[in-house]
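*Asks:* structure for this input, please:
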Amino acid sequence: MPIMTGDVNGRAAADQPELSVIIPTFNRRAAVARLLTSLGQQTHSHFEVILVDDGSTDETPSLAASPQPFRFTYLRQANQGPTAARNRGAAVAQGEVLIFVDDDMVLHPHALAVLAARCQQRSGILWMGTLIGPGELSTSSASAAADHPVDFTLCKTGLLAMLRADFYDIGQFQDPTGGWPNWDDVDFGYRAHLAGYAIWQCRAALAEHWDYAGQDLAAACARWQRASQAAVRLFERYPALQSRLPMFADKTPIAWRQDPPRLVARKWVRRLMSGGMALHGLETMQRRAAAARWPSSVQVALQRWIVGGYIYRGFQKGLQQARTAIVERATVQP
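*Replies:* Below is the predicted model:
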C-alpha cells in the first residue's frame, strides 16, 4: 500500500503537483536518503516524489515515515526490476511532467526548475540532465553552456524528464532482454526516436552520480559483462541497433567478406587481450599502476581495456546462448 505524507510548507497532500519525481530503488537506503535531502533543497517547490521500493531487504522501508518538505509517496512491490518500478511510479504520478531519477543521484538545487521549464517550453523532446562526479556539486554551478541534442543510444535514466503524455505515447519503459541490466534506457530512446521524438541534454540540470560500480573496477566489470551478455537479446529484438552502438564493433565475430582489414585486426587484438592470461595480466598491471600512482591517463587506459575484455566475454557468452537456443528450437520442431 502507498504511504503518503504532506509537506512542512503547509500545502495539502491533495494539491495537484506540477512535477512528479519517480525514484526506483532496491537495497540502497543511504543513497536514497542522500537523494531525498537534495530534493528537499530544490528551488522549484510544486512537485511530488514517488519512491518505488522494488522489494528491498534492507532498511529502505523506514523511509516511508520520514518527514519530507514535499509531497512524498512510498510504494513497495515484489522485486521486479527498475523497469517495472519506474512504470509503477508513473502510473500513480499526478504531475504533467515526469522526472525519472536513479537512486544514486544528488541533484543541484536548480535541477528540477530547469527541467520543468525545458519540458513546458518545447514539446516532442526528452530532456536528460548533466551528470557529474561525486562531490562535484560544491564546485559546480548551473552551466550556461547551450543545450544540445544527443543520439538516442545515449538515453539514460539517471536524470530524465518528459511530458507525461509523451511518456505514454512512446509506450512507457519496456524490458527488451528479460533481465538486469536490460538496456531499457536504450530501448526507450530507440522507440522515442522511431516515434519522432528528440533527446536533448540540458547542461544546467546538474546531478552528481554516486555510481557504486564506477568506483570499483571489479563491480564495473561484472556489471558490463552481464549487460553485454544481455545485449545479444537487445540486438535480436532490434537488429538495426547493433551498428549504432560502437562499443560492440570489435566484440562481434569476424565477418571475413564484410569487415575491412582494420576492423579484422581490431577484432583479433580484442580477442587476444580478452583471454584469461592476457586479462589477468592487465588486471595485475592496473593494480600496480594504482599502487605506484602512475599517470591517470595510463590507469584510465588500462581500466578501459580491462572493462572491454569483460564486455567481450559477456557478449560472446550471449552469442553462445543464442546459438544454443536456436539449436534447441530446431531440435523440437517436427
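
*Asks:* rounded mean pLDDT for the helix or strand hosting residue 189, please.
*Replies:* Using DSSP states H and E, residue 189 falls within helix 184-194. Across helix 184-194, pLDDT averages out at 98.

*Asks:* stretch 266-282 now?
*Replies:* Mean pLDDT, computed over stretch 266-282, is 96.

*Asks:* residue contacts, the residue nearest to residue 163 when sequence neighbours are not counted?
*Replies:* Leaving aside its chain neighbours, residue 163 sits nearest to residue 119 (5.7 Å; criterion: Cβ to Cβ, 6 or more residues apart in numbering). The C-beta positions use only the backbone N, C-alpha and C, and glycine is treated the same way. For residue 119, the contacting residues are 97, 125, 127, 161-163, by Cβ atoms under 8 Å, 6 or more residues apart in numbering.

*Asks:* show me what counts as buried in the helix or strand where residue 119 lies.
*Replies:* Element membership for residue 119, per DSSP H and E: helix 111-121. For helix 111-121, burial by neighbour count (16 or more other Cβ atoms under 10 Å) applies to 111-119.

*Asks:* would you mind measuring from the residue lying closest to residue 40 once chain neighbours are set aside to residue 252?
*Replies:* Nearest residue to residue 40, sequence neighbours excluded (Cβ to Cβ, 6+ apart): residue 69, at 4.6 Å. From residue 69 over to residue 252 the distance is 51 Å, taken as Cβ to Cβ, to the nearest Å.

*Asks:* next one: residue 286
*Replies:* Distance, residue 286 to residue 252, using Cβ to Cβ: 26 Å.

*Asks:* all the helices of the chain, residue numbers only.
*Replies:* 29-39, 82-92, 111-121, 164-170, 184-194, 217-237, 261-273, 276-292, 296-332 (DSSP state H).

*Asks:* any idea which of these gets closest to residue 155?
*Replies:* helix 184-194 (2.8 Å; Cβ to Cβ).

*Asks:* returning to what we had before: list the buried ones in the helix holding residue 189?
*Replies:* For helix 184-194, the neighbour count (16+ other Cβ under 10 Å) marks 184-193 as buried.

*Asks:* can you put these in a markdown table and add distance to residue 221?
*Replies:* Shown next, in a markdown table, are those (distance: Cβ to Cβ, whole Å):
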| residue | distance to residue 221 |
| --- | --- |
| 184 | 21 |
| 185 | 20 |
| 186 | 20 |
| 187 | 23 |
| 188 | 25 |
| 189 | 25 |
| 190 | 26 |
| 191 | 29 |
| 192 | 30 |
| 193 | 30 |
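
*Asks:* now, which of these sits nearest residue 266?
*Replies:* Checking the buried residues of helix 184-194 against residue 266 with Cβ to Cβ, the nearest one is residue 186 at 22.8 Å.

*Asks:* got a list of what the closest one touches?
*Replies:* Residue 186 makes contacts with 152-153, 155, 234, 241, 245, as judged by Cβ under 8 Å, 6+ apart.

*Asks:* 10 Å - rerun?
*Replies:* Contacts for residue 186 (Cβ atoms under 10 Å, 6 or more residues apart in numbering) come out as 152-156, 176, 231, 234, 238, 241, 244-245.

*Asks:* ditto for residue 102
*Replies:* 23-25, 28, 31, 35, 82, 86, 131, 156-160, 207, 209-211.

*Asks:* quick one: it and residue 42, what's the gap?
*Replies:* 17 Å.

*Asks:* try residue 298
*Replies:* To residue 42, residue 298 is 40 Å away according to Cβ to Cβ.

*Asks:* so for these two, which residue has more residues nearby?
*Replies:* A side-by-side neighbour count of residue 298 and residue 42, using other Cβ atoms under 10 Å, places residue 42 first with 19 against 12.

*Asks:* tell me which of the contacts of residue 186 is nearest to residue 62?
*Replies:* The closest of the contacts of residue 186 to residue 62 turns out to be residue 156 (Cβ to Cβ; 28.9 Å).

*Asks:* tell me, how many neighbours does the closest one end up with?
*Replies:* Count around residue 156 with other Cβ under 10 Å applied: 19.

*Asks:* how close does the residue nearest to it when sequence neighbours are not counted get to residue 126?
*Replies:* Of all residues not flanking residue 156 in the chain, residue 185 sits nearest, at 5.4 Å (Cβ to Cβ, 6+ apart). As judged by Cβ to Cβ, residue 185 and residue 126 stand 11 Å apart.

*Asks:* for residue 330, same thing?
*Replies:* 41 Å.

*Asks:* who has more neighbours out of these two?
*Replies:* residue 126 (24 against 8).

*Asks:* quickly list what the more buried one is bridged to.
*Replies:* Note on residue 126: beta-bridge partners residue 199, judged by DSSP bridges.

*Asks:* so it touches residue 169, yeah?
*Replies:* No: assessed by Cβ atoms under 10 Å, residue 126 is found out of contact with residue 169, at 11.3 Å.

*Asks:* which residues do those two both contact?
*Replies:* Common neighbours of residue 126 and residue 169, using Cβ under 10 Å, 6+ apart, are 162-163, 192, 197.

*Asks:* most widely separated two among those residues?
*Replies:* Farthest pair in those, by Cβ to Cβ: 163 and 192, 11.9 Å.

*Asks:* mutual contacts of these two, please.
*Replies:* With Cβ under 10 Å, 6+ apart, residue 163 and residue 192 have common neighbours 124-126, 169.
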